[in-house]
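Participant: Could you work out the structure for the sequence below:
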Amino acid sequence: MLNADQKPVRINGFVIVFEAWDDEKDQVMLKECTVLDNGTDNKGLCYVTITENDLLNLPSQYLSYVVYVKETCDTSEITYTDRAFDACGHIYLDDCTHPTIKKSIEVNNFHVENSLWVAGSDSMNRITAMPKQNKNEAIHTVQFYTDAYNSNGYVGNIKIQGTLDNQLTGTTDWYTIDTVEFDGTEVRPKIQNFKGVYSYLKFELDTDPEDRLTKILVRN
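Facilitator: Numbering: from 1, shown residues only. Have a look, this model is predicted:
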């Protein structure tokens with residue numbers, strides 16, 4: 001760490017914290033730095049260790065970060081991230097060397113809205129469509145599981161909807177991407193693919209899914 005004259009300052013005995021978040025202002029990392037400054041050598045030096053597990057569920061993207069001194073449990077002092085005295089720095093995550101297959105999103109939390117059964121309509125139960133990961137094109141896959149094997153299959157229609165809105169509110173504009181029909185005989189999972197870059201997805205059912213539609217898996 002440097003002072004305003006670009007001279008290293010002693011930080012031994014200090015708690016230095018690294019915090020990073022994505023462009024939706026969601027915190028993705030909070031790490032305490034390891035201080036190398038021992039009062040004699042390595043004046044002003046510290047580092048942060050970011051592991052593979054820290055990055056496992058993060059797509060390629062830019063992250064913003066800050067480094068601050070935690071003076072007490074309630075107070076912190078922000079530091080500069082570069083020689084231009086900027087408080088906020090930026091990191092680019094690139095998964096080109098070790099891309100991984102991420103888990104599908106499981107949807108089974110339906111609630112009633114205007115005589116329809118809905119999942120993903122509010123911020124508490126949002127279904128992200130990974131717009132940052134998909135850039136300008138994307139193929140989405142949805143797989144529906146019913147209990148037709150036990151003669152208890154789902155009978156009705158399911159609308160797959162998407163939105164470009166950055167936040168989910170009571171006035172979010174939803175667009176119907178596709179409608180999937182079920183007649184109750186779907187013993188095997190039913191798969192639906194569609195293209196498009198959306199912020200969030202929503203499912204709208206015209207029949208009660210309880211004990212009939214066991215789950216929906218989404219892969220973006």
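Participant: Give the buried residues for stretch 164-176.
Facilitator: L168, T172, W174 (16 or more other CB atoms under 10 Å). C-betas here are computed from N, CA, C, even on glycine.
Participant: do the same with stretch 149-164
Facilitator: G153, Y154, G156, I158, K159, I160, Q161, G162, T163.
Participant: closest to E71 among those residues?
Facilitator: T163 (42.3 Å; CB to CB).
Participant: Is it correct that that closest one is in contact with T176?
Facilitator: No - using CB atoms under 8 Å, T163 is not in contact with T176; the gap is 10.9 Å.
Participant: Report the two of the buried residues of stretch 149-164 separated the most.
Facilitator: G153 and T163 (29.4 Å).
Participant: Provide the contact partners of stretch 71-90 at residue level.
Facilitator: 1-2, 4, 6, 17, 62-70 (CB atoms under 8 Å, 6 or more residues apart in numbering).
Participant: Going by distance to D211, which of the residues you listed wins?
Facilitator: Nearest to D211 among the contacts of stretch 71-90, with distances taken as CB to CB, is L63, at 42.4 Å.
Participant: how close does the residue located most distally from the centre of the chain sit to Y47?
Facilitator: Relative to the C-alpha centroid of the chain, counting by CA atoms, centre = their mean, T40 is the outermost residue, at 42.5 Å. In this view, T40 and Y47 are 18 Å apart by CB to CB, to the nearest Å.
Participant: ditto for T75
Facilitator: 24 Å.
Participant: nearest residue to E210 other than its sequence neighbours?
Facilitator: Excluding its sequence neighbours, the residue lying closest to E210 (CB to CB, 6 or more residues apart in numbering) is F110, at 8.0 Å.
Participant: same thing with D165?
Facilitator: According to CB to CB, 6+ apart, the nearest residue to D165 is T172 (5.0 Å).
Participant: The helix or strand hosting F203 pairs with which strands, parallel or anti?
Facilitator: Assigned by DSSP states H and E, F203 belongs to strand 200-205. Strand 200-205 sits in its sheet next to strand 116-119 (antiparallel), strand 127-128 (antiparallel), strand 155-163 (antiparallel), going by DSSP bridges.
Participant: Give the next helix or strand downstream of the helix or strand of the chain with the lowest mean pLDDT.
Facilitator: In the chain, no helix or strand scores lower on mean pLDDT, DSSP states H and E than helix 131-134, which sits at a mean of 68. Remark: after helix 131-134, the chain's next helix or strand is strand 139-146, criterion DSSP H and E.
Participant: Which strands and helices lie in contact with that next one?
Facilitator: Using 3 or more CB pairs under 8 Å, 6 or more residues apart in numbering; DSSP states H and E, the elements in contact with strand 139-146 are strand 175-183, strand 190-195, strand 213-219.
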